[in-house]
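Asker: structure, please.
(3 chains)
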Amino acid sequence: MKPAAMIPVVLERLREKYPDAKYELNWNTPYELLVATILAAQCTDERVNRVTATLFQKYPGGPQALADADTAELEEDLKPTGFYKQKTKTVQAMSRALLDDFKGKVPSRMEDLVKLPGVARKTANVVLNTAFQQASGIIVDTHVARVSQRLGLSKQEKPEAIEADLMKLVPKEDWTFFGPAVVLHGRYTCIARKPKCAECLLNDVCPKLGVAA
DNA sequence: CTCCCGATAT
DNA sequence: ATATCAGGAG
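Answerer: Sure thing, here's the model as predicted:
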């Protein structure tokens, strides 16, 4: 089955299983979502939510508090999310850039967002799709990348190239659903190490590329 | 391409 | 022992 013909099937079945697929990160403001998304690199949402729950109480009011925070102390706060020195540096630099260049407000344009330290298209798309209801693009994280390759929707390796392929295939009105839904499918069914092909809702249309028989 | 970080599955 | 986990920077 050709990729273009698979898309309606994929969308229909994912909608049935995950009717209201959305990101499981907790947030109250675009800024909180941006920080949470940065912290989510190589880390589960559940762990991020535990950290941010106390983090935004301790550093309230947006980017100023985190920009001004003591770095060593913030490192301890972020430690459970892994890559904590890197993430501390990134979150503080991003917060300062927000204050310096955007009056402390999270910009709602892709071209502005990706200028922020620690923000590339994946993170920007999460913020735009989720907080600003904007179909700026399709979120391509490790799950979306893997599932897209296995389904034969893209043969590319780089996330940006995969996103470009997907944007041609998936109708724009489905972009904000496609990302989160495929993430869930990738996390719970089309698992990296040991995909559950037997119980997969797409196993009849999947070419099973890259999956051990 | 490597590094950042550490836990867990295989 | 190695791969992977909601990536991005140098």
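
Asker: pLDDT weak spots in chain A?
Answerer: A:209-213 (pLDDT under 70).

Asker: from residue A:8, how far out is the residue positioned nearest the centre of it?
Answerer: For chain A, the residue nearest the mean C-alpha position is residue A:126 (5.1 Å; Cα atoms, centre = their mean). Relative to residue A:8, residue A:126 is positioned 25 Å away (Cβ to Cβ, to the nearest Å). The C-beta positions use only the backbone N, C-alpha and C, and glycine is treated the same way.

Asker: pretty sure the residue nearest to the centre of chain A contacts residue A:140?
Answerer: No: using Cβ atoms under 8 Å, residue A:126 is not in contact with residue A:140; the gap is 10.6 Å.

Asker: domains of chain A?
Answerer: A:3-21+A:139-199, A:30-130 (automatic domain parsing).

Asker: ok, which of these comes nearest residue A:207?
Answerer: Between residue A:207 and those, the shortest separation by Cβ to Cβ is 4.7 Å, and it involves domain A:3-21+A:139-199.

Asker: show me where chain A has helices.
Answerer: For chain A, helices defined by DSSP state H occupy the ranges A:3-17, A:30-39, A:45-58, A:63-68, A:71-78, A:84-102, A:110-113, A:121-130, A:142-151, A:159-169, A:175-188.

Asker: out of the ones you listed, flag the one nearest DNA strand B.
Answerer: If you check each of those against DNA strand B by Cβ to the nearest atom of the strand, helix A:84-102 wins as the nearest, at 2.2 Å.

Asker: now that closest one, how far from the centre of its chain.
Answerer: Taking Cα atoms, centre = their mean, to the nearest Å, one finds helix A:84-102 lying 18 Å from the centre of the chain it belongs to.

Asker: please apply the same query to stretch A:66-75.
Answerer: Worked out by Cα atoms, centre = their mean, stretch A:66-75 lies 25 Å from the chain centre.

Asker: do the same with stretch A:159-176
Answerer: Put simply, stretch A:159-176 sits 14 Å off its chain's centre (Cα atoms, centre = their mean).

Asker: and the contacts of it?
Answerer: Applying Cβ atoms under 8 Å, 6 or more residues apart in numbering, the set of residues contacting stretch A:159-176 from outside is A:3-4, A:7, A:11, A:121-122, A:129-130, A:133, A:135, A:137-138, A:140-141, A:144-145, A:148-149, A:153-154, A:156, A:178.

Asker: tell me which parts of chain A are close to DNA strand B?
Answerer: A:42-43, A:79, A:82-86, A:193-194 (Cβ under 7 Å from any atom of the strand).

Asker: restrict those residues to contacts with DNA strand C.
Answerer: Applying Cβ under 7 Å from any atom of the strand to the residues of chain A next to DNA strand B, one finds that A:42-43, A:83, A:86, A:193 fall near DNA strand C.

Asker: got the domains of chain A as CSV, with distance to residue A:207 columns?
Answerer: Listed next are those as CSV, based on distance: least, Cβ to Cβ, whole Å:
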stretch, distance to residue A:207
domain A:3-21+A:139-199, 5
domain A:30-130, 25
